[in-house]
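Peer 1: A predicted structure for the sequence below; I have some questions about it.
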Number of protein chains: 2
Amino acid sequence: MGEVKHLCLVKFKEGVVVDDLLKGMAELVSEMDMVKSFEWGQDVLNQEMLTQGFTHVFSLTFASADDLTRYMSHERHAAFAGTFMAALEKVVVVDFPVVVAKPPPPLPA
Amino acid sequence: MGEVKHLCLVKFKEGVVVDDLLKGMAELVSEMDMVKSFEWGQDVLNQEMLTQGFTHVFSLTFASADDLTRYMSHERHAAFAGTFMAALEKVVVVDFPVVVAKPPPPLPA
């Protein structure tokens, strides 16, 4: 069994200070050992027809489904999720085992 | 400037043979040198309130925004995108420079 990802696509409510939420999320994730890695990004092409208004992606990677479950059920996650969800106009969340169809090239030696 | 991701979240129309599309996508991506890596996954938690009905994620990674542009404007991408989009009930696409907030641990030596 390989890695599992927890992916959130969001649109923030107007007036939300995104930087504050990002800081809170980075802090939480850095202190939670079961989170293997965390990356995020902000859409840059702004093609409303394709983005449906979603602007940010947050992607957490776990070594196993068990680690994901431990994270989701952790009280610190629950506390942050409450604050985070309240700041969103809309959100989609998917959780999936990662299938690597084309692996990245090996790093140069 | 770091990596750029092209992320698609989709819900397929009923009756679509997802495996055939996946095969076509894997073939396309393997032959397109500007695609650095490709991974995908199918949501496993099926929490309709969170997934909004989306079932699959496709994530392409590029070494640069230029490579993403070259891919998007390539005639082979355009040909496949036509087939792919026709099979979707709904789709969200976002393109974003990747911010690595928590890097994965180094591989054991």
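Peer 2: Great, that's in hand.

Peer 1: list the helices and strands the lengthiest helix in chain A packs on?
Peer 2: Secondary structure of chain A per DSSP state H: the longest helix is helix A:18-31. Under the contact definition 3 or more CB pairs under 8 Å, 6 or more residues apart in numbering or on different chains; DSSP states H and E, helix A:18-31 sits against strand A:37-42, strand A:56-62, helix A:75-86, strand B:99-102. Just so you know, the C-beta spots here come from the backbone N, C-alpha and C atoms, and that holds for glycine as well.

Peer 1: If we use 10 Å, what do you get?
Peer 2: Applying 3 or more CB pairs under 10 Å, 6 or more residues apart in numbering or on different chains; DSSP states H and E, one finds that helix A:18-31 contacts strand A:4-12, strand A:37-42, strand A:56-62, helix A:75-86, strand B:99-102.

Peer 1: so which of those gets nearest B:H56?
Peer 2: Ranking the helices and strands packed on helix A:18-31 by proximity to B:H56 (CB to CB) places strand A:4-12 first, at 11.3 Å.

Peer 1: Parallel or antiparallel, list what pairs with that closest one.
Peer 2: strand A:56-62 (antiparallel), strand A:88-97 (antiparallel) (DSSP bridges).

Peer 1: quick check, distance from that strand to the centre of its chain.
Peer 2: 4 Å (CA atoms, centre = their mean, to the nearest Å).

Peer 1: sorry, back to before: please dump the strands paired with strand A:4-12 into TSV; it should also carry mean pLDDT and mean neighbour count for every row.
Peer 2: Conversion of the strands paired with strand A:4-12 to TSV gives the following (pLDDT from 0 to 100; neighbours: other CB atoms under 10 Å in any protein chain shown):
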stretch	mean pLDDT	mean neighbour count
strand A:56-62	97	22
strand A:88-97	97	18
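
Peer 1: would you turn the ones you listed into CSV with distance to B:L9?
Peer 2: Compiled in CSV, those are given as follows (distance: least, CB to CB, whole Å):
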stretch, distance to B:L9
strand A:56-62, 9
strand A:88-97, 6
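
Peer 1: Tell me how many other residues surround the closest residue to A:V57 other than its chain neighbours.
Peer 2: Once flanking residues are discounted, A:V57 sits nearest to A:G41: 5.2 Å by CB to CB, 6 or more residues apart in numbering or on different chains. Using other CB atoms under 10 Å in any protein chain shown, A:G41 has 22 other residues around it.
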